[in-house]
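got a sequence here, can you build the structure:
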Amino acid sequence: MNNPSDLRRLPPPTMRMRPAPVSMINPNLRVLPLVILIYSFLLLPIEVKFVAGGLNLYAYRIGILIALPLLIYLAPRRTGQFSKVDFLVATGCIWMMVSFVQLYGPGDGLVRSVALVLDTFGGYLIARGSISSLNDLRRVLILVLPGLLFAAAFFMIESVSDRLMIRPFFSSIFGNAVNYEGGSARGNLNLLYERRLGLRRAYSVFSYPILGGIILASFLPLFLMSGIRSKALYAGIIASCAAFFSLSSATFLALAMGVGLVISDRLLPLFRPLRWPLLSAVLVFYAILAEIALKGGIVGVVSRFTLNPATAYIRRMQWKYGGETVMENPWVGIGFGQYDRPEWLTGAIDAHFLALALRFGLIPPILFAIAIAIVMISIGRVAPRLAKSERDFLVGLNIMMTILVFSSMTVTYFSEANVFFMIALGITTSCLLAVSGQTMRGPAPLYRRPDNRVVPAPEMAASSQKRTTP
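Residues are numbered from 1 along each chain as shown. Here you go, the predicted structure:
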């Protein structure tokens, strides 16, 4: 029979019965779901595919399906409250399914829409659940750096050597990627051969050169403004600048915008009357003026920077005829159908929000646009009240979102680019909530030490720290 002195030597019951608080889990492990998802499209192209139940499981979809169970275990107390942005994104995704059910019937509509919703909401949800502080995002940037360097290296090698390597290699193992038109398979997808500026447009691991270029370019302001030091910073900048080898005007503009906005932010203190809200208001005013006064509007202005004048004209015509079709089918869109256009005009759409409106109706793109606007405006209001390191990183996130939104006017994000676009929105939302104190953390978790003392759990969110070494 145990005496009282023996009982005092036993560990308290709470230590045996209660699992370790999430904050005690290794910080690198906490961001693992997002890291897995990002690596799924930085290392493996769309040739890596399996078919299950009529659903095409590309590498990035497999990454989503692997990351979601990890997210359920690692993030139950770290994702914060259900925000307005979460509601808008979730409602938009639900409407995507409703529109397809309306167009194709309950059975076929659900099957056709589930993959698209998985890409859109899955990427957003994993980013929201994996990030709960700016330090978490710094860890992600460092952990995915080898994947970025891998994709960037083959961007450069393929362009300079005039030979595609990654996707042909995986094609020899898994077979060629399938070309889908109107939601149906139309033979194999051919990799285009195109030379610009004396170099070949590279694919590396990405579905299309311009998509890979924009993904890499959007990392540039994050690394520049992250507060990460030494080799990791320089490696991130080099990987981001490899976007040049997509040889796309949209990528060149994305790189120039990233560098230009970072430099502008550094120069703002020299001009005291100027602040980002004022500059943003001026830019919006001139954008509206250009839309009203100039032929072709904003899209026409952006398209003039393209390396191929013919594609600029085609993009303007896509907006013209595609917009007319949207107005004729504003609620549920036309699904995988073709929009009304002249025979000479391609059926592809090079504008992300226009493509969403054509496929699902106006509601999803409007909801997503409102969500993005809420996040970016809120960051503009919160950032000036923070410590410089946090403020700079938030501005870098806003610049990344600016690049993605600006590029979406002349590019449609599909496959891994659509997943990445939603990841970016999820990351930005989580970081905003973390620094604005809107996360629903409650009091600091407590745990009982072996000496019977109750203390706060270690490794609490460290967003107030100036920098971290993941």
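
how about the strands of the protein, start to end?
In the chain, strands defined by DSSP state E lie at 49-52, 55-58, 178-181, 184-188, 195-196, 199-200, 446-448, 454-456, listed in chain order.

for the fourth one, give the mean pLDDT please.
Read it as strand 184-188. Here strand 184-188 scores 57 as its mean pLDDT.

please report how far Gly105 lies from Asp119.
Applying C-beta to C-beta, to the nearest Å, the value for Gly105 to Asp119 is 22 Å. (Glycine included, C-beta is placed from N, CA and C.)

more neighbours, these two?
Taking other C-beta atoms under 10 Å, Gly105 and Asp119 do not tie; Asp119 has more neighbours (24 against 11).

so the more buried one touches Arg61, yeah?
Yes: assessed by C-beta atoms under 8 Å, Asp119 is found in contact with Arg61 at 6.9 Å.

so Phe252 sits against Phe245, correct?
No: between Phe252 and Phe245 there is no contact under C-beta under 8 Å: 11.1 Å.

those two: which is more packed in?
More crowded of Phe252 and Phe245, by other C-beta under 10 Å: Phe245, with 26 against 18.

please name the residues that touch Gly122.
Arg61, Ile64, Leu68, Val419 (C-beta atoms under 8 Å, 6 or more residues apart in numbering).

can you redo these as a markdown table with pLDDT, distance to Val160 and neighbour count?
Below are the contacts of Gly122 laid out as a markdown table (pLDDT from 0 to 100; distance: C-beta to C-beta, whole Å; neighbours: other C-beta atoms under 10 Å):
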| residue | pLDDT | distance to Val160 | neighbour count |
| --- | --- | --- | --- |
| Arg61 | 93 | 32 | 24 |
| Ile64 | 94 | 33 | 24 |
| Leu68 | 88 | 39 | 16 |
| Val419 | 95 | 28 | 29 |
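
same list, these, but as JSON lines with distance to Ile46 please.
Formatted as JSON lines, the contacts of Gly122 follow (distance: C-beta to C-beta, whole Å):
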{"residue": "Arg61", "distance to Ile46": "10"}
{"residue": "Ile64", "distance to Ile46": "14"}
{"residue": "Leu68", "distance to Ile46": "20"}
{"residue": "Val419", "distance to Ile46": "12"}
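
so which of these comes closest to Arg138?
For those, the closest approach to Arg138 (C-beta to C-beta) belongs to Val419, at 21.4 Å.

what's near enough to touch that closest one?
Residues near Val419 by C-beta under 8 Å, 6+ apart: Leu37, Phe41, Tyr60, Ile64, Asp119, Thr120, Gly122, Gly123.

a markdown table please, covering these and showing distance to Lys49.
As requested, the contacts of Val419 are exported to a markdown table (distance: C-beta to C-beta, whole Å):
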| residue | distance to Lys49 |
| --- | --- |
| Leu37 | 16 |
| Phe41 | 13 |
| Tyr60 | 10 |
| Ile64 | 14 |
| Asp119 | 14 |
| Thr120 | 19 |
| Gly122 | 17 |
| Gly123 | 18 |
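
which stretches of the stretch 301-450 of the chain have low pLDDT?
Scanning the stretch 301-450 of the chain with the threshold set as pLDDT under 70 gives 301-312, 437-450.

apply 90 and report the result again.
By pLDDT under 90, the low-scoring segments of the stretch 301-450 of the chain are 301-324, 329, 333, 335-351, 377-389, 391, 406-411, 414-415, 433-450.

before we move on, what about the stretch 1-150 of the chain?
Along the stretch 1-150 of the chain, segments meeting pLDDT under 90 span 1-31, 46-57, 68-83, 103-115, 129-130, 132-133.

let's see that with 70 instead.
1-27, 53-54, 75-81.

same question for the stretch 151-300 of the chain.
Filtered on pLDDT under 70, the stretch 151-300 of the chain yields the residue ranges 179-188, 269-300.

quick one, helices of it?
166-174, 209-225, 230-241, 249-267, 276-293, 297-303 (DSSP state H, counting those that start in this stretch).

now do the stretch 1-150 of the chain
Going by DSSP H, counting those that start in this stretch, the stretch 1-150 of the chain shows helices at 4-9, 13-17, 27-30, 32-43, 59-74, 84-104, 106-130, 134-143, 145-161.

give me the buried positions along the last one.
Spelled out, it's helix 145-161. 145, 147-152, 154-159 (16 or more other C-beta atoms under 10 Å).

same list (those) but as JSON lines, adding distance to Leu433.
Formatted as JSON lines, the buried residues of helix 145-161 follow (distance: C-beta to C-beta, whole Å):
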{"residue": "Leu145", "distance to Leu433": "25"}
{"residue": "Gly147", "distance to Leu433": "27"}
{"residue": "Leu148", "distance to Leu433": "26"}
{"residue": "Leu149", "distance to Leu433": "31"}
{"residue": "Phe150", "distance to Leu433": "32"}
{"residue": "Ala151", "distance to Leu433": "30"}
{"residue": "Ala152", "distance to Leu433": "31"}
{"residue": "Phe154", "distance to Leu433": "36"}
{"residue": "Phe155", "distance to Leu433": "34"}
{"residue": "Met156", "distance to Leu433": "37"}
{"residue": "Ile157", "distance to Leu433": "40"}
{"residue": "Glu158", "distance to Leu433": "40"}
{"residue": "Ser159", "distance to Leu433": "40"}
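
show me the contacts for the residue nearest to Phe245 when sequence neighbours are not counted.
Excluding its sequence neighbours, the residue lying closest to Phe245 (C-beta to C-beta, 6 or more residues apart in numbering) is Ser159, at 3.9 Å. The contact partners of Ser159, by C-beta under 8 Å, 6+ apart, come to Leu199, Arg200, Arg201, Ala202, Phe245, Leu247.

how much space separates Gly260 from Ile403?
Separation of Gly260 from Ile403 (C-beta to C-beta): 11 Å.

those two: which has the busier surroundings?
Ranked by neighbour count (other C-beta under 10 Å), Gly260 and Ile403 place Ile403 first, with 26 against 12.

surely that one meets Val259?
No: using C-beta under 8 Å, Ile403 is not in contact with Val259; the gap is 10.7 Å.

that older thread, now render the helices of the stretch 1-150 of the chain as CSV, adding distance to Leu267.
Output for these, formatted as CSV (distance: least, C-beta to C-beta, whole Å):
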stretch, distance to Leu267
helix 4-9, 65
helix 13-17, 55
helix 27-30, 35
helix 32-43, 32
helix 59-74, 38
helix 84-104, 31
helix 106-130, 31
helix 134-143, 24
helix 145-161, 28
